[in-house]
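Peer 1: give me coordinates for this.
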Amino acid sequence: MNLSGLLALTLLPILCLGAKKPSFVGTFEDYHVKSQSSAPLRLDDASYDDLTAIPRNYSVVVLLTALEARFGCQLCREFQPEWDLLGRSWAKGDRHGDSRTLLGTLDFADGKGTFQKLMLQTAPIFLLFPPTTGQNAKRDGQPIRYDFTAGPQSAEQVVGWISRYLPDGHKPAIQRPLNYVRIITVTTTLLGIVSFLSVAYPYILPVIQNRNLWAGISLITILLFTSGHMFNHIRKVPYVAGNGQGGISYFAGGFSNQFGMETQIVAAMYGTLSFATIALALRVPRMSDPKKQQLAIFIWGGVMFSMYSFLLSVFRIKNGGYPFHLPPF
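Peer 2: Here you go, the predicted structure:
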């Protein structure tokens with residue numbers, strides 16, 4: 001072996017030990033250790049640049065927000081508890097860093113330079129930086145942006161968005177703490193309802209079993225829906241309308257139109273006709289005095305005739321070609 005070859009073999013271990021490692025080696029591990037004690041990571045301009053620098057063999061999800069009250073970002077403050085919950089759940093479920101993903105928060109107060117560099121005018125905003133080296137890498141390194149156009153998001157919704165851009169594998173699940181106040185409130189309410197029903201049961205049962213009560217409820221419901229109540233809610237009809245002559249129209253012409261006041265008038269007519277029929281069928285036959293019975297027949301019969309005459313006149317308003325009518329309307 002010549003002298004040059006021997007010299008190369010001698011210097012090879014020294015050159016290998018002195019070779020410079022890639023800049024991203026150790027970055028993920030360092031920040032992952034920090035995230036185990038404080039998640040999501042609280043970033044500033046320097047740590048943001050360090051964490052998102054190219055090349056990188058990991059993913060980074062950064063929430064750019066403005067939490068201070070002077071910035072007036074209500075959406076930022078509403079979403080922050082969900083983001084903190086997501087960060088804690090991710091750190092707990094990814095202790096060994098298998099997902100190769102870090103979560104961080106950059107507040108405007110700590111990262112004004114970054115906000116200016118990115119020319120951001122609104123907050124909050126998500127930026128997901130995919131890896132630029134290794135498996136599932138994207139060479140351009142451009143972040144994927146997510147704007148809160150649909151209002152506050154839940155932690156589960158954000159995890160779903162992040163998971164779409166990460167490789168297949170284990171994704172930490174959201175672990176919400178037990179809401180003890182809600183559990184105590186619901187339990188106390190249920191116990192109160194059960195206690196009340198236990199004490200009031202002997203008094204409530206006869207009312208519930210009353211046939212006249214259910215008949216009245218059924219009758220009111222039938223009158224409500226046959227008069228067009230559901231039509232009003234679906235079409236959002238006006239209550240009344242002008243007649244073009246300085247007056248008010250209570251009835252809309254045509255069978256495809258209706259006013260809110262019209263529904264109430266028709267329901268009142270149907271209700272009056274129903275009560276008149278019930279009185280003639282049930283109440284009048286039970287009267288023991290013949291004169292009072294005869295008077296009741298004339299009164300309820302007159303009410304039914306007059307109301308039916310009014311109903312026909314309303315029908316003629318709805319359909320101008322209808323030829324029939326009854327006096328006095």
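
Peer 1: which stretches of this structure form helices?
Peer 2: With helices called from DSSP state H, the chain shows them at 3-18, 27-37, 45-51, 74-93, 112-118, 155-164, 180-208, 211-226, 229-235, 260-278, 290-318.

Peer 1: what's the closest of those to Thr105?
Peer 2: helix 74-93 (6.9 Å; CB to CB). C-beta here means a position set from N, CA and C on the backbone, and glycine is covered the same way.

Peer 1: buried stuff in that closest one?
Peer 2: Buried residues in helix 74-93, counted by 16 or more other CB atoms under 10 Å: 75-77, 79-80, 82-83, 85-91.

Peer 1: any idea which of those is closest to Gln245?
Peer 2: Among these, Leu75 lies closest to Gln245 (CB to CB), at 51.4 Å.

Peer 1: ok, that closest one to Trp161 distance?
Peer 2: 16 Å (CB to CB, to the nearest Å).

Peer 1: so who does the nearest residue to Ser154 once chain neighbours are set aside touch?
Peer 2: Nearest residue to Ser154, sequence neighbours excluded (CB to CB, 6 or more residues apart in numbering): Glu82, at 5.8 Å. Applying CB atoms under 8 Å, 6 or more residues apart in numbering to Glu82 gives the contacts Pro152, Gln153, Ser154, Ala155, Val158.

Peer 1: quick one: pLDDT of Glu82?
Peer 2: What the model reports for Glu82 is a pLDDT of 91.

Peer 1: equivalent analysis for Tyr58, please.
Peer 2: Predicted confidence (pLDDT) for Tyr58: 90.

Peer 1: how close does it sit to Gln258?
Peer 2: Remark: distance between Tyr58 and Gln258 (CB to CB) = 64 Å.

Peer 1: ok, now Ile217?
Peer 2: For Ile217 relative to Gln258 (CB to CB), the value is 24 Å.

Peer 1: higher neighbour count, these two?
Peer 2: Taking neighbours as other CB atoms under 10 Å, Ile217 and Gln258 compare with Gln258 leading, 20 against 10.

Peer 1: how about Lys318: what's its closest non-neighbour residue?
Peer 2: Per CB to CB, 6+ apart, closest to Lys318 is Phe255, 6.0 Å.

Peer 1: burial measure for the one you found, as a count.
Peer 2: Phe255 - counted by other CB under 10 Å - has 9 other residues nearby.

Peer 1: thought it was touching Ile317?
Peer 2: No: between Phe255 and Ile317 there is no contact under CB atoms under 8 Å: 11.1 Å.

Peer 1: where does pLDDT dip in the stretch 1-150 of the chain?
Peer 2: 1-26 (pLDDT under 70).

Peer 1: rerun that using 90 as the cut-off
Peer 2: Applying pLDDT under 90 to the stretch 1-150 of the chain picks out residues 1-39, 52-57, 69-72, 91-100, 119-123, 132-144, 146-150.

Peer 1: okay, now Pro40: neighbour count?
Peer 2: For Pro40, the count of nearby residues is 20 (other CB under 10 Å).

Peer 1: ok, it to Ile222 distance?
Peer 2: When distance is defined by CB to CB, Pro40 is 58 Å away from Ile222.

Peer 1: could you do Val199 as well?
Peer 2: 34 Å.

Peer 1: more crowded one of those two?
Peer 2: Set side by side, Val199 and Ile222 show more neighbours around Ile222, with 14 against 10, by other CB under 10 Å.

Peer 1: excluding its backbone neighbours, what's nearest Ala91?
Peer 2: In space, Ala91 is closest to Ala39, 3.6 Å off (CB to CB, 6+ apart).

Peer 1: ugh, typo on my part, it should be Arg95
Peer 2: Gln36 (6.8 Å).

Peer 1: take the helices of the chain and lay them out in JSON lines including distance to Pro327.
Peer 2: Putting the helices of the chain into JSON lines (distance: least, CB to CB, whole Å) gives the following:
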{"stretch": "helix 3-18", "distance to Pro327": "116"}
{"stretch": "helix 27-37", "distance to Pro327": "88"}
{"stretch": "helix 45-51", "distance to Pro327": "87"}
{"stretch": "helix 74-93", "distance to Pro327": "66"}
{"stretch": "helix 112-118", "distance to Pro327": "81"}
{"stretch": "helix 155-164", "distance to Pro327": "67"}
{"stretch": "helix 180-208", "distance to Pro327": "44"}
{"stretch": "helix 211-226", "distance to Pro327": "26"}
{"stretch": "helix 229-235", "distance to Pro327": "31"}
{"stretch": "helix 260-278", "distance to Pro327": "17"}
{"stretch": "helix 290-318", "distance to Pro327": "6"}
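
Peer 1: out of those, nearest to Pro172?
Peer 2: It is, among these and with distance given as CB to CB, helix 74-93, at 2.7 Å.

Peer 1: how big is the angle separating that closest one from helix 27-37?
Peer 2: Here the directions of helix 74-93 and helix 27-37 differ by 100 degrees (axes from the mean of the first three to the mean of the last three CA atoms, to 10 degrees).
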